[in-house]
Every structure is written in structure tokens, then in C-alpha cells.
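Asks: compute the structure for the input listed below.
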Amino acid sequence: MRDWKPAALSLALAALVLVLSPAAPAVAKPSPQRSLTQLGGERGCLVDRSAKAGSCGTARALKGAGPFMGSNAVAVSPDGRNVYVASARSDAIAVFVRDRRTGALTQRRGRAGCVSVGGRAGCVRAVGLDGANSVALSPNGRFLYATSRASASVTVFRRKRSNGALTQLPGGAGCVSGLPVPGCASGRALSAPDVVAVSPDGESLYVGSFFGNAVATFERARDGSLSQAADASGCIAEATAGCAPAIGLGSPEGLVVSPDGSSVYVAGAASSSIAAFSRDPATGALSQATDGSGCIADVPPAGCSTGVQLGGVNALAIAPAGRDLYATALLSDSVTSFSRSAAGLLSQKGGTRGCLVYLRSAGCSFGRELNAPEGIAVSPDGFSVYVASFFSGAIDVLSRERESGVVVQVPGRAGCLAARSVPGCRPGRALRGVSSVAVSPDGRNVYATSFFSNAVDVFRRSR
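Replies: From the prediction side, this is the model:
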């Protein structure tokens, strides 16, 4: 279980407040429902070779795949050729070649199949991957970035597009850390980094620091290397000397950049809030409004507006058109929905349209097996939202109406996949501690990490 500090837990358990907005009109028409089917046999799941395989295949560097502290541990390359998994207990990133017809994954033999601290498990040797927890690729697919909690670092790898192999950039260009890690350059506002994201224009990289209550901002060079401004534009935080000030940024765990690159949104687990920042496209620097539009919180501090069911807000996903944002909240057992204006302002959708909650909650829709939801992803066609629920080990399947952005859980057994011991869901394998989920760019497949199963799971998406 995540190493939450007592103070963070008490903040995240804040009392819920109802949204003072009128009910929205009914959705005009239902959206096509896209179901998930796990691939058969060894193609449907790969577990670390040290674990009991059962009916799954085996791979290297998957111990602790998708840690509890980290909900973006799996990523698909923009060209759809590769899948990358951050594994905290392996201190590694596992590299897979993806069959673009079936979605099945294959790990290359030898060192090209993974990178790890010290080259363990026969991987390429890397520095700064202690407790790897999150990965992100540059828009052109040439570089991969990873955050690692124990080494307080963001690491940089060049990706070979022919086979997906990763090579760390040399010296300080390949690793920036908030600790004195040999081989890494020094960075600011990097304390237990939990999530990393690259702007759509490829010019900026952002890292959310869980214990630093901060977001570190880096400029990306053409060779993939990072540089951090020495002044306040290099980071934004609740209370860190030398960083720009922010509110609602307690323990960042989710972070997403809008498709137009004008806004950055951050999920603060300890403050039970979503902070909204304007992004300067020229420098990548972030700024936050203090008039109530700069953040939404369960119990809002000064300068924030009120939301509901945001206890321990965890991961964020934004719809392809950029008009809607979705969040998971670990302690509220919820998925919340927000409308995004042309100016980047967020407002929670009214009534039951604004929240989907495990079991029951007044004023919200009912969600099944949303027990400690972590990762979340929206399909490229905008018709589906997928949620990874850690405690139930379920992948929840939500249908999204593209015009209104409203999400509802697909009815019946098709609405979730989980272990056979979980009633009411389609049965799945190697799904203990599901934490992260990603959809392939072609929309054909969904991939999930399972921490306690030490696994990556593979699903086919269909009507």
C-alpha cells in the first residue's frame, strides 16, 4: 500500500460538499458501447519470470509493474509499435514489441528487452530508475521519460523506432534528480516524483512531485535532454522556496496537458483537488489564477471552487477534443467529470453527470467495482473511458457520449473485467492490484499493469 503520510491521509478524507448547480439536460442519444476481451492464453497476460505464470506468458523486469504510487506506468508509442511498463520492484522499464494486428506483446531477447538499475535481469544498464513508477513518450516517439520515486529522478531515454529499444542519454543529460544520485544532474522540486507528461508541441516536460507538493518544469531540447530554469519559472509549488506559488497542489499524483497545449491540470491527492494552470507556450512556465478558477476541491481553500467526490484524487485523463476532463479519486472510490472551456477553465458537470461512485452516494451515479480507482484513459475515438481499480483488481468499462462528455458504466458483466472471485464482471487473469491503463493509438487494444500480479495485461477492444 502506498506510503501515505498521516497528514496527507487526514486531508484526503475531507468531508464531501454538494455542487450548487442545476441538473443538466438528459443525454440526447446513447454512445456505441465498446467491450473488452482479454486475449487468449499467453497472449493475454505477461508476468515477471520470478512469479507463478499460470496461463500467462513470462517476461523480465515486471516485478511491481505499475506501483500503487503511480498511475501512469504503461505507455504505448505513438506509432503503436511498442509498449513500455515501469516496474518499481525491478527498478526497471520493460520494453515490448506490439503486434499491431492482434495487440499481443513480445519482449525481445537480451538487453533490448528492458532497462534497469545496474543492468539486472539481463537488461541494459541505467541510472536513476530506483522505484520506477511512471512513463511518457515524446510526441514524435523518439524519446521516453520515466519518473522514479526512490531516486527522486526523471530519466531520459532515446528510443530506437525499429525495435523500441531504449538507450539512456549519457551523463547528466540522461538523469535529473532531487537527490545526490551518482550520474544524475541536479534538479529542483523533485521529491518522490510520481507522474511525468510531455506537452503536445514537444517543447516542455512536467513532473509531479508527490512529497514536494510541486510540479517541476523542464524545457526539452531536440536531442531529448532537459533543462530547468533557475528562477521561479522552473517549478510551481505550495510552499517551496524558489518556486512560483500554487494552491491545491498537495501531493500531485496525476498530471495532463491539454491537447492545445494551453493548460496543465494536476491532481492533488492530499489536498483532494484538481489544480488548473495556464501554460506559456513560449517558455512552458505555469501560472495559476487565484479568483476561484485555479482549482477545484472537496473542501476548497481560498482561491478554489467547490467540487464533489474528489477525496484522494489520483489520475487525470482528457478527451481527444479537449472539451472534457476525467479524474479518479482513490478515497472517494469515484470517477468525476468536468467540462473544459475554450479558456481552459474547469467546471464539474451538474448532478449525477458529475460523479460516478462505487456502491452508492447521494447525487452521483452508481459505479460497480470502483474500489480504489487509480489509472484512467480515454479511447482515441472518444467513445470509451477505462479505469484501473486497485483494490478490486478490476478494469471498469465506461461508455462516453461524445457531445456531452457524460460517462456511464456499460451495463451487465461487460461493464468490468476482474478476477473470477469478483461477481458481476467478465473474468480476467493476472489482475491483482490493477493500477495503470492505456489505449493504443489505433484504438484496438487496452493495456493494464497489475502490481500484485507483477504483470501487464492485454485486451482487445470491440463493439
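
Asks: quick check, residue 324 in contact with residue 340.
Replies: Yes. If you go by Cβ atoms under 8 Å, residue 324 and residue 340 touch, sitting 6.3 Å apart. From N, CA and C alone the C-beta is placed, and that goes for glycine too.

Asks: out of the two, which sits in the more crowded spot?
Replies: Higher neighbour count among residue 324 and residue 340: residue 324, with 25 against 21, using other Cβ atoms under 10 Å.

Asks: quick one on the thing from earlier: what residues are shared contacts of residue 324 and residue 340?
Replies: Common contacts of residue 324 and residue 340, defined by Cβ atoms under 8 Å, 6 or more residues apart in numbering, comprise residue 318.

Asks: any idea which element the closest residue to residue 83 other than its chain neighbours lies in?
Replies: Once flanking residues are discounted, residue 83 sits nearest to residue 96: 4.4 Å by Cβ to Cβ, 6 or more residues apart in numbering. Using DSSP states H and E, residue 96 sits within strand 92-98.

Asks: quick one: that strand to chain centroid distance?
Replies: Taking the mean of its C-alpha atoms, strand 92-98 sits 17 Å from the chain's own mean (Cα atoms, centre = their mean, to the nearest Å).

Asks: count the neighbours of residue 425 for me.
Replies: Using other Cβ under 10 Å, residue 425 has 25 other residues around it.

Asks: what's it in contact with, if anything?
Replies: Shown in contact with residue 425 (Cβ under 8 Å, 6+ apart): 368-369, 394, 413, 415-418.

Asks: type out the ChimeraX command that picks the buried ones from these.
Replies: In ChimeraX, a selection of the buried entries from those looks like this (16 or more other Cβ atoms under 10 Å):
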select :368,369,394,415,416,417,418
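
Asks: in strands only, show me the contacts of residue 425.
Replies: Among those, the members found in strands (DSSP state E) are 394, 416-418.

Asks: residue 82 versus residue 90, what's the distance?
Replies: Separation of residue 90 from residue 82 (Cβ to Cβ, to the nearest Å) stands at 18 Å.

Asks: quick check: the residue nearest to residue 83 touching residue 106?
Replies: Yes. Counting by Cβ under 8 Å, residue 96 sits close enough to residue 106 to count as a contact (6.5 Å).

Asks: those two - which one has more neighbours?
Replies: With neighbours defined as other Cβ under 10 Å, residue 96 and residue 106 compare such that residue 96 has more, 25 against 14.

Asks: now do the more buried one against residue 205, distance only.
Replies: Look at residue 96 and residue 205: by Cβ to Cβ, they are 23 Å apart.

Asks: residue 302 versus the residue nearest the centre of the chain, what's the distance?
Replies: Geometric centre of the chain, nearest residue: residue 72, 3.1 Å, by Cα atoms, centre = their mean. Residue 72 is 30 Å from residue 302, where distance means Cβ to Cβ.

Asks: kindly report the same for residue 177.
Replies: 34 Å.

Asks: between these two, which one's more packed in?
Replies: residue 177 (24 against 7).

Asks: ok, now which ones touch residue 229?
Replies: 217, 219, 283, 285.

Asks: quick one, phi psi at it?
Replies: As for residue 229, its main-chain torsions (degrees, to the nearest 10) stand at phi -60, psi 140.

Asks: all helices for the stretch 51-200 of the chain, in order.
Replies: With DSSP state H, counting those that start in this stretch, there are no helices along the stretch 51-200 of the chain.

Asks: on that earlier part again, columns pLDDT and distance to residue 171 on top of the ones in strands among the contacts of residue 425, output as JSON lines?
Replies: Listed next are the ones in strands among the contacts of residue 425 as JSON lines, based on pLDDT from 0 to 100; distance: Cβ to Cβ, whole Å:
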{"residue": "394", "pLDDT": "96", "distance to residue 171": "43"}
{"residue": "416", "pLDDT": "96", "distance to residue 171": "46"}
{"residue": "417", "pLDDT": "96", "distance to residue 171": "44"}
{"residue": "418", "pLDDT": "95", "distance to residue 171": "45"}
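
Asks: can you tell me how far the nearest residue to residue 353 once chain neighbours are set aside sits from residue 326?
Replies: Leaving out its chain neighbours, the residue that sits closest to residue 353 by Cβ to Cβ, 6+ apart is residue 406, at 4.9 Å. Computed as Cβ to Cβ, the residue 406 to residue 326 distance reads 11 Å.

Asks: overlap in contacts of those two?
Replies: Shared contacts of residue 406 and residue 326, defined by Cβ under 8 Å, 6+ apart, are found at residue 337.

Asks: re earlier: closest one of the ones in strands among the contacts of residue 425 to residue 385?
Replies: residue 416 (12.6 Å; Cβ to Cβ).

Asks: for that closest one, list each beta-bridge partner.
Replies: Note on residue 416: beta-bridge partners by DSSP bridges are residue 396.

Asks: now for it: which residues touch it?
Replies: Each residue near residue 416 by Cβ under 8 Å, 6+ apart is listed here: 368-369, 394-397, 409, 422, 424-426.

Asks: what's the closest of those residues to residue 254?
Replies: So of those, ranked by how close each gets to residue 254 (Cβ to Cβ), first place is residue 396, at 16.6 Å.

Asks: one step back: now distance to residue 271 too, for the contacts of residue 416, in JSON lines please.
Replies: As requested, these are exported to JSON lines (distance: Cβ to Cβ, whole Å):
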{"residue": "368", "distance to residue 271": "28"}
{"residue": "369", "distance to residue 271": "27"}
{"residue": "394", "distance to residue 271": "27"}
{"residue": "395", "distance to residue 271": "27"}
{"residue": "396", "distance to residue 271": "25"}
{"residue": "397", "distance to residue 271": "30"}
{"residue": "409", "distance to residue 271": "27"}
{"residue": "422", "distance to residue 271": "31"}
{"residue": "424", "distance to residue 271": "34"}
{"residue": "425", "distance to residue 271": "32"}
{"residue": "426", "distance to residue 271": "36"}
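
Asks: burial of the residue lying closest to residue 62 once chain neighbours are set aside, as a residue count?
Replies: Sequence neighbours aside, residue 48 is the residue nearest to residue 62 in space, at 3.8 Å (criterion: Cβ to Cβ, 6+ apart). Counted by other Cβ under 10 Å, the residues lying close to residue 48 total 24.

Asks: and what of the one 5 residues further on?
Replies: When neighbours are counted by other Cβ under 10 Å, residue 53 registers 16.

Asks: after the helix or strand bottoming out on mean pLDDT in the chain, which helix or strand is next?
Replies: Lowest on mean pLDDT, DSSP states H and E among the helices and strands of the chain sits helix 6-12, with a mean of 37. Moving toward the C-terminus from helix 6-12, the next helix or strand (DSSP H and E) is strand 35-38.

Asks: following that following strand, which helix or strand shows up next?
Replies: Once strand 35-38 ends, the next helix or strand along the chain (criterion: DSSP H and E) is strand 45-48.

Asks: helices or strands up against that next one?
Replies: Counting contacts by 3 or more Cβ pairs under 8 Å, 6 or more residues apart in numbering; DSSP states H and E, the secondary-structure elements packed against strand 45-48 are strand 57-59, strand 455-462.
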